[in-house]
Every structure is written in C-alpha cells, then in structure tokens.
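Visitor: Predicted model, plus sequence, below.
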Amino acid sequence: MGMSKAEEEEQARLERARAIGLFRYMLIREAADPALSSRQRGKLVREIAAREHTDPSGRPVRLTRWTLDVWIRRWRQGGFDALVPSPRQCQPRTPPEVMELAVALKKENPARTAAQVQRILKAQAGWAPDETTIRRMFTRTGLTALTPAADAFGRWEASRPNEIWTGDAMHAIRLGGRKTYLFAFIDDHSRAVMAARFGFAEDTIRLAAALRPALASRGIPAHAYVDNGSAFVDTWLLRACAKLGIKLVHSQPRRPEGKGKIERFFRTVRDQFLVELTGERAARIADLAELNKLFTAWTETVYHVRVHSETGQPPLARWEAGGPFPLPADADLAEAFRWSEWRTVSKTALVSLHGNQYQVDPALARRRVELVFDPFDLTVLSVRCGGKDAGTATPHHITRHSHPKARPEDPGSGGDAPRATGIDYIALLGEQHDRQRERAVNYHALMPGAGGDSGPPAGQAGQEQEQGQDGRGAGEEDGRG
C-alpha cells in the first residue's frame, strides 16, 4: 500500500530537480535572449555572477560565469527540460585536505573572500575548487565574512515599455463591511497602469484576476518586480512566469529600494481616487464590479492622460509609443495560469484532490503524480508523471468544483445613503469614460452619403457645427449653468 521508501526518495529527488530547473531558468532567462549581442550577453552574465542568489533550498549561492554559460547553452539546445538536473547522488570531489587548507586561510585572515582563497589555493597548488564550493563551505562552517555595505540605490528607469512591470498590493477602503485590497502592476518606463483590480482578499486568486487580463491585452513583460508578500511568492506565480518567459524578481526583505514608483502610484490613488470614496459615498457602491469600473474610469480619464511629473509625458501615450506589443496565445496563457499539486495514486488507480476522486491510468497505481488544473474547474485534470504527460484524470466522485482558495467574491451590500454634496466626482469620471468610449467610433462617417458631394458645403457645415445639433448658438451653450 503506497510507495516504498525508495520510491518516495526518488520522487522527492524529481521534485527537487524541477525546482532547481526553475531556479536556473529564472537566472539565465534575460542573458539567454537571442537578440543580445555577445558583448551584451557577456555583460549580463558577469552581473549575474557578481550577485548573491538564494537557491531552492534557501541557501545563499554565487555562480561562476562558466556555469551560467553552460546553462544558457543547455536552454538553447533543449529548452526548460535541459535545465532540470538528473536526480542522482554524487560524492564530494574536492579532497578534504584542500578544504582544510581553505578553512585555515580563512581563519588566518577573516577578510579574505572565497574568490581570494581560491586564488591563493591555485597559486600554491596549481589547482583549486570552484569558488561556489568554497563559499558554501564557509557558510556551512560559519566562516562567512561580513557582507560589505550595499551600494546606494540611485534613481533608475527601464529603457523601454514592457521591460519591467512593478507589482504590489495596497490596503484600500471597506466595502459592505469588508476590507478591500488593490492589486496593481505599472510599467516602469511609462508609469502606465498595466493591471489593477480590487478584491476582498490579498491572495493568489485576486492577484491572478488582475494579472491575467493584463497579459492578454498589454503583452508579456521581460521582468516582473514584486515584493515578498504571500501572493507574490506562491509557487503558482513562479510557474506562470516560467511558462511565459517572464523573469520574476523579488525585492530584498527590509529594502524598499526599487518599489518607489509603485508606492508613488498608490499614493496618487489614495490622494485622487480613494479620497473621494468617503463613508457615505462608499456605502452606495453596490459591489466590487462597480468599484473596479469606477477605478478604471479614473485611470483612463485622469491618471493616464495627465503629464507625469517624472517622465514629462502622459503615461499611456508614453507606453503606446513603444508598441505594438505581441500578445500571448490564449492556449499559452491558459496553461500558464493553471495550478498543480502532487498526489499518490492508490492501488485501484484512484487519486484524490480536495475531496474529489478521479480515475487515472492503471499503470500509475501507487506512483506519485502531478495534477495540473484550473483552480475554478476541478472537473478537468491533466496528469503528469516524471515530468511527462500521463493523460487526463476521469472524474469518479466530485464534491467540489473549484479549489478551496478559488472562492468567488461575494458582492458587498451597498446601502442607499443620501448624497452628502451636490457633486459626485467619481460618478462624473465614470460618465465621462462612458462618453469617451461611445465617441471612439464615428458612426456618422459610416452612413451612406456621409462623404463626397452629398455632404453640405464647407461653410454650411462649419455653421452647423458652431450652432450645435440642438440649434443653439455658442453663446447660449456658454450660458448654461
């Protein structure tokens, strides 16, 4: 019953190998861009090698240029699967006496770095282990030197639209007695809003609801810069970025540098949009759909068209100037936004997922498989074993049709509170946005006889335009309150 200990260990090695593959891909994705010249690629590889990274096991690591070049070649030849290491066991290849000498050199002068110790070993014996090997040993034995102070984080801006999207979540107003959160992504180059959506929870589902439509309509960014909130470190987001070729970058804990633009945007939202949603006005918002509609109206009619103080251009116009942007295929986007969980198949070829039971291929009995699914539809599951497609799971007993985390958001209960003033700024923006959308197509120009000799003389047309459609003159219109 169940897998043997050896099979469990083998499956655990497979899962670790896939996590390592994702880690490698996120590191080399930018440098592997075929559009880069050799010089540009070399510069990026040197920058990656100069930084410290956190591996899938949580340990700080540094990588050599040679290692990064090998990973880039593998990715070009075999794609993501070529970056996944074979789950094997290996014995340490560095002689213990060499590591003992490295320890002695470090203790002799604690200011020596792993690179310096490697140079000394190579000069003394003609050979030295990899710098990463020495650094890991220093970390493991507590000999790591104090990290020098980081360089000042100056003002910086992406060189083009869709190079970097910066995302974060903001605590917002209460709606129907419930707190709301705003998930948003802005383009670093233009400051245009790429994704924005209010929700009742600061979780993965609400993040996906904001991000997926943005990717479908705005294109795929090269980088996504986010913080370390629970929604942004979820395995789902890492999987989605890997599938779409987005390099996911997390800000360092307790270092707010790099998030200034999104924080400045949130301050603008508070000062210009949320400030109008006082308790009485917010009480008249029926649900999240209305709140998001009002926010879209403010974004398109106010924020996107005003000149930004930093760029000197309207955000949307600056973003559009870099287009057009290729859009992802619907099938690729759907695959990227699917979730996955690991389960062990029973001896009767049944597998369970959140109270549901599914029938799978009998050959998978007692094996550990990966179930890939849409969190809002648990009736369709794809099965994968050992990284390969193993067919589709047939529903056997369904009690839940969506993932427990995929809870639909209940609409808030809006009241009919009286208007406090005679001006409803947010509603006016909504009406203005609707009028702009209606005027987007000149239906009159599409009617037969709208052009050519059938139209009125130029002078007559100008006179009619000055008077307006209702026959009033310009002076009468100016006199309206």
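Guide: That came through, no problem.
Visitor: The stretch 1-150 of the chain: strands as residue ranges?
Guide: 53-54, 60-61 (DSSP state E, counting those that start in this stretch).
Visitor: other SSEs contacting the first one?
Guide: Contact partners of strand 53-54 among helices and strands, from 3 or more CB pairs under 8 Å, 6 or more residues apart in numbering; DSSP states H and E: strand 60-61. C-beta: built from backbone N, CA, C; applies to glycine.
Visitor: how far does the strand it packs on sit from the chain's center?
Guide: Centroid separation between strand 60-61 and its chain, computed with CA atoms, centre = their mean, to the nearest Å, is 23 Å.
Visitor: next one: stretch 156-174
Guide: 10 Å.
Visitor: Now that stretch: average pLDDT?
Guide: Averaged over stretch 156-174, pLDDT sits at 87.
Visitor: Identify the residue nearest residue 159 in space, chain neighbours excluded?
Guide: Leaving aside its sequence neighbours, residue 159 sits nearest to residue 189 (CB to CB, 6 or more residues apart in numbering; 6.9 Å).
Visitor: Could you list the low-confidence segments of this structure?
Guide: 1-10, 86-93, 140-155, 252-258, 407-429, 437-481 (pLDDT under 70).
Visitor: Buried residues, the longest helix belonging to the chain. List them.
Guide: In the chain, taking DSSP state H as the definition, the longest helix is helix 5-28. Within helix 5-28, the residues scored as buried using 16 or more other CB atoms under 10 Å are 11, 14, 17-28.
Visitor: same deal with stretch 226-242?
Guide: 226-227, 231-232, 234, 236-242.
Visitor: Would you map the strands across the stretch 251-400 of the chain?
Guide: With DSSP E, counting those that start in this stretch as the criterion, the stretch 251-400 of the chain has strands at 339-344, 350-353, 356-359, 368-374, 377-385, 388-397.
Visitor: okay, those strands in JSON lines with mean neighbour count next?
Guide: JSON lines is the format used below for the strands of the stretch 251-400 of the chain (neighbours: other CB atoms under 10 Å):
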{"stretch": "strand 339-344", "mean neighbour count": "16"}
{"stretch": "strand 350-353", "mean neighbour count": "17"}
{"stretch": "strand 356-359", "mean neighbour count": "18"}
{"stretch": "strand 368-374", "mean neighbour count": "20"}
{"stretch": "strand 377-385", "mean neighbour count": "18"}
{"stretch": "strand 388-397", "mean neighbour count": "15"}
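Visitor: Identify whichever of those strands lies nearest to residue 106.
Guide: Residue 106 sits nearest to strand 339-344 of all the strands of the stretch 251-400 of the chain, at 40.6 Å, using CB to CB.
Visitor: nearest residue to residue 21 other than its sequence neighbours?
Guide: Excluding its sequence neighbours, the residue lying closest to residue 21 (CB to CB, 6+ apart) is residue 84, at 3.5 Å.
Visitor: quick one, what contacts the one you found?
Guide: Each residue near residue 84 by CB atoms under 8 Å, 6 or more residues apart in numbering is listed here: 17-18, 20-21, 387.
Visitor: For the residues you listed, which two are the farthest from each other?
Guide: Most distant of these, by CB to CB, are 20 and 387, 12.8 Å apart.
Visitor: Mind splitting the protein into its structural domains?
Guide: 5-83, 96-141, 164-320, 338-397 (automatic domain parsing).
Visitor: I'd like the distance between residue 245 and residue 393.
Guide: For residue 245, the distance to residue 393 equals 28 Å [CB to CB, to the nearest Å].
Visitor: An error on my part: the question was meant for residue 76.
Guide: Relative to residue 393, residue 76 is positioned 34 Å away (CB to CB).
Visitor: tally of neighbours for the closest residue to residue 124 other than its chain neighbours?
Guide: In space, residue 124 comes closest to residue 101 once its chain neighbours are excluded; the distance is 7.9 Å by CB to CB, 6+ apart. Residue 101 has 17 neighbouring residues, counting by other CB atoms under 10 Å.
Visitor: now swap in residue 296 and tell me
Guide: Count around residue 296 with other CB under 10 Å applied: 16.
Visitor: on that earlier part again, export the strands of the stretch 251-400 of the chain as CSV, with columns for distance to residue 287.
Guide: Formatted as CSV, the strands of the stretch 251-400 of the chain follow (distance: least, CB to CB, whole Å):
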stretch, distance to residue 287
strand 339-344, 26
strand 350-353, 31
strand 356-359, 30
strand 368-374, 24
strand 377-385, 23
strand 388-397, 32
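Visitor: quick one: which of these is nearest residue 259?
Guide: Closest to residue 259 of the strands of the stretch 251-400 of the chain, according to CB to CB: strand 339-344, at 27.2 Å.
Visitor: Okay, angle between that closest one and helix 5-28 too, please.
Guide: Put simply, strand 339-344 runs at 160 degrees to helix 5-28, going by axes from the mean of the first three to the mean of the last three CA atoms, to 10 degrees.
Visitor: Give me the sheet partners of strand 339-344 and which way each runs.
Guide: With DSSP bridges as the test, strand 339-344 is paired with strand 368-374 (antiparallel).
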